[in-house]
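Asks: Model the structure of this input:
(one chain, ligands or ions: 1)
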Amino acid sequence: MCSMPTPPWARSAAGANTYDAATATVLPTIYERTTAAAIAHGGINLGQGFPDAEGPQWLRDAAAEAISTDAGPTNQYSPGPGFPWFREAVAAHQEKFYGVQLDPQDQVLHTTGATEAIAATILAFATAGSEVVAFEPFYDSYGSMVALAGAELKTVPLRAPDFRPDCAALRAAVSERTSMILVNTPHNPTGAVFTGDELAEIVSIAAEVGAVVMSDEVYEHLMLGEADAPAHSTILSIPGAEDVAVAVGSAGKSFSVTGWKVGWVTGSPQLVNQVRGVKQFTTFCTGGAYQYAVAQGLQDDRGFFVQNQAELRAGRDLLAEGLAAAGLQAFTPDAGYFVLADVRGVTEQTASAFAAELVAQAGVGAIPVSSLTLLSTQENHEDELNYLLRFAFCKRHDVLTRALTRLSDWLT
Ligand code: PMP
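Replies: Just a heads-up that it's a prediction; the model follows:
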């Protein structure tokens, strides 16, 4: 058998966890492995962040109508940048929620989920040999895409208990070699919502070194904090951001339709045009029927966002209280799908070793935060991020309760 060179994406931290160089075998991601282990052990999967309730019926009816009748778009190729009415709906949504005005013609681009938006944006701006700085933990595709672009990922950790971005550390991490800064707000997995002041500082740091900021805002409608918690706004509402930043959105989380993969990129015509240049060679276009349904939802969510937030908040509280009662230190997030918990109250093992036992012996799947960091490639294994475990609460409450019962029975 001829020996295969290690592919570029596998040289990243997340990539390294999903590639066996000795046999040139691509392994499933940490999410797929945890899901498979949970199923194999008859378990409950709180690893992968997808709701176990379907999105609103009227939204699904709209997609079905588009596929099976002449009411919506045809089932043929859509325009590469997305249907004009889809881009208009995204622009109207950004204006309604954030007061940001965008020209739908050249400031909005449809993508196949946020995943393609992230891929195309990183490939557009992370030049080979440059450095890209991300806050850590980070969504796993960031590392692999940066590696595919031939750039090097550097990270700035978000620290418990509040997981606020340390802008002084960011300033120290950037240089004239920095091509991009990757922001994710509201943040997966910590639930931190970056404030306007923090975003303004990030924009000014990027402008100083000539870097492009990508702000991944897919959790924008999963806001769960109290009245005094930071409010979310798109980075494009920050003065000066249009010169340096693009924002990434997705319908998957907002409407509980994670399988639909409807995403978008917004920003200045120049920056969006660069992303479009990559996107036209990745998928060119996808999902006209889903664009049709999501355009309707963005124009009028019929109360779904608020109703979904109420259900998620109840799930979050149930899970955080249950984890704390079981002896873990749980951090209650202001947004998103996940509670992080420090395992040091119940074990001396790392979260990764604990998670492997938890799923095999108690049948509860959770994701070690270290798999969303560069720790696996670094010497310092004492880092506190090694002891954090991510549990998803976007599940039915009876499922959460069963998982908590299994966890506490197993620990006692
Ligand atoms: N960014 C973040 C931070 C995410 O958590 C996810 C999904 N888990 C994505 C992007 C991908 O979104 P999509 O499903 O729309 O591709």
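
Asks: near the ligand, which residues of the stretch 51-200 of the chain?
Replies: The stretch 51-200 of the chain comes close to the ligand at residues Gly113, Ala114, Thr115, Tyr139, Asn184, Asn188, as judged by CB under 6 Å from any ligand atom. Any C-beta I mention is one placed from the backbone N, CA and C, and that applies to glycine too.

Asks: Run a quick neighbour tally on the residue in the stretch 151-300 of the chain positioned nearest to the ligand.
Replies: Across the stretch 151-300 of the chain, the shortest distance to the ligand (CB to the nearest ligand atom) belongs to Ser250, at 3.3 Å. Residues near Ser250, counting by other CB atoms under 10 Å, number 27.

Asks: picking up where we left off before, which one of the residues of the stretch 51-200 of the chain next to the ligand is nearest Pro5?
Replies: Thr115 (25.1 Å; CB to CB).

Asks: Please name the residues that touch the closest one.
Replies: Ser141, Lys261, Gly263 (CB atoms under 8 Å, 6 or more residues apart in numbering).

Asks: any chance of these in a markdown table, with secondary structure, pLDDT and neighbour count too?
Replies: Output for these, formatted as a markdown table (DSSP: H, G, I helix; E, B strand; the rest coil; pLDDT from 0 to 100; neighbours: other CB atoms under 10 Å):
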| residue | secondary structure | pLDDT | neighbour count |
| --- | --- | --- | --- |
| Ser141 | helix | 92 | 21 |
| Lys261 | coil | 98 | 19 |
| Gly263 | strand | 98 | 27 |
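
Asks: Can you add distance to Arg313 and give those back as JSON lines?
Replies: Shown next, in JSON lines, are those (distance: CB to CB, whole Å):
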{"residue": "Ser141", "distance to Arg313": "28"}
{"residue": "Lys261", "distance to Arg313": "26"}
{"residue": "Gly263", "distance to Arg313": "25"}
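
Asks: do you know how far the closest residue to the ligand within the stretch 101-250 of the chain is from Ala169?
Replies: Relative to the ligand, the nearest point of the stretch 101-250 of the chain is Gly113 (2.6 Å; CB to the nearest ligand atom). The gap separating Gly113 from Ala169 is 30 Å, by CB to CB, to the nearest Å.

Asks: who's more crowded, the two?
Replies: Legend: neighbour count by other CB under 10 Å for Gly113 and Ala169, higher for Gly113 (24 against 15).

Asks: hang on, that one packs against Val248?
Replies: No: using CB atoms under 8 Å, Gly113 is not in contact with Val248, being 9.7 Å away.

Asks: Need the overlap of contacts for those two.
Replies: With CB under 8 Å, 6+ apart, Gly113 and Val248 have common neighbours Gly263.

Asks: Might one say that Ala335 is in contact with Glu226?
Replies: No: Ala335 is beyond contact range of Glu226, at 11.8 Å (criterion: CB under 8 Å).

Asks: Which one's more surrounded, those two?
Replies: Ala335 (26 against 8).

Asks: Quick one: residues contacting that one.
Replies: Contacts of Ala335 by CB under 8 Å, 6+ apart are Pro186, His187, Gly191, Ala192, Val193, Tyr219, Leu222, Met223, Leu224, Gly225, His232.

Asks: would you list the residues you listed in TSV and tack on secondary structure and pLDDT?
Replies: Formatted as TSV, the contacts of Ala335 follow (DSSP: H, G, I helix; E, B strand; the rest coil; pLDDT from 0 to 100):
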residue	secondary structure	pLDDT
Pro186	coil	98
His187	coil	98
Gly191	coil	98
Ala192	coil	98
Val193	coil	98
Tyr219	coil	98
Leu222	coil	98
Met223	strand	98
Leu224	coil	98
Gly225	coil	94
His232	coil	97
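
Asks: Relative to Glu348, which of those residues is nearest.
Replies: Gly191 (26.6 Å).

Asks: show me where the stretch 251-400 of the chain has helices.
Replies: Under the criterion DSSP state H, counting those that start in this stretch, helices of the stretch 251-400 of the chain are mapped to 251-254, 269-282, 288-299, 304-325, 351-357, 397-411.

Asks: Let me know the average pLDDT across the shortest one.
Replies: Meaning helix 251-254. Average pLDDT, helix 251-254: 98.

Asks: could you say what helices and strands that helix packs with?
Replies: With contacts taken as 3 or more CB pairs under 8 Å, 6 or more residues apart in numbering; DSSP states H and E, helix 251-254 sits against strand 262-266, helix 288-299.

Asks: Walk me through the domains of this structure.
Replies: Taking automatic domain parsing as the reference, the chain has its domains at 8-54+305-411, 57-299.

Asks: where among those domains is the average confidence lowest?
Replies: domain 8-54+305-411 (a mean of 91).

Asks: Quick one: end-to-end distance for that domain.
Replies: In domain 8-54+305-411, first residue to last residue: 41 Å (CA to CA, to the nearest Å).

Asks: Pull the distance from it to the chain's centre.
Replies: 15 Å (CA atoms, centre = their mean, to the nearest Å).

Asks: ok so, going back, is it possible to export the helices and strands packed on helix 251-254 to JSON lines including distance to Gly82?
Replies: Listed next are those as JSON lines, based on distance: least, CB to CB, whole Å:
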{"stretch": "strand 262-266", "distance to Gly82": "7"}
{"stretch": "helix 288-299", "distance to Gly82": "6"}
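
Asks: Phe305: which of the ones you listed is closest?
Replies: helix 288-299 (9.5 Å).

Asks: which helices and strands sit right next to that closest one?
Replies: Partner elements for helix 288-299 (3+ CB pairs under 8 Å, 6+ apart): helix 57-68, helix 84-98, helix 251-254, strand 262-266.

Asks: same thing but 7 Å
Replies: In terms of contacts (3 or more CB pairs under 7 Å, 6 or more residues apart in numbering; DSSP states H and E), helix 288-299 is packed against helix 57-68, helix 84-98, strand 262-266.

Asks: just to revisit the earlier point, which of the contacts of Ala335 are buried, as a PyMOL select command?
Replies: Buried residues among the contacts of Ala335 (16 or more other CB atoms under 10 Å), as a PyMOL selection:
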select buried, resi 186+187+191+192+193+219+222+223+224+225+232
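
Asks: So which of the contacts of Ala335 is the closest to Ala53?
Replies: Distances from Ala53 to the contacts of Ala335, taken by CB to CB, are shortest for Leu222, at 13.9 Å.

Asks: residues in contact with the closest one?
Replies: Pro186, Lys253, Gln309, Leu312, Ala335, Gly336, Tyr337 (CB atoms under 7 Å, 6 or more residues apart in numbering).
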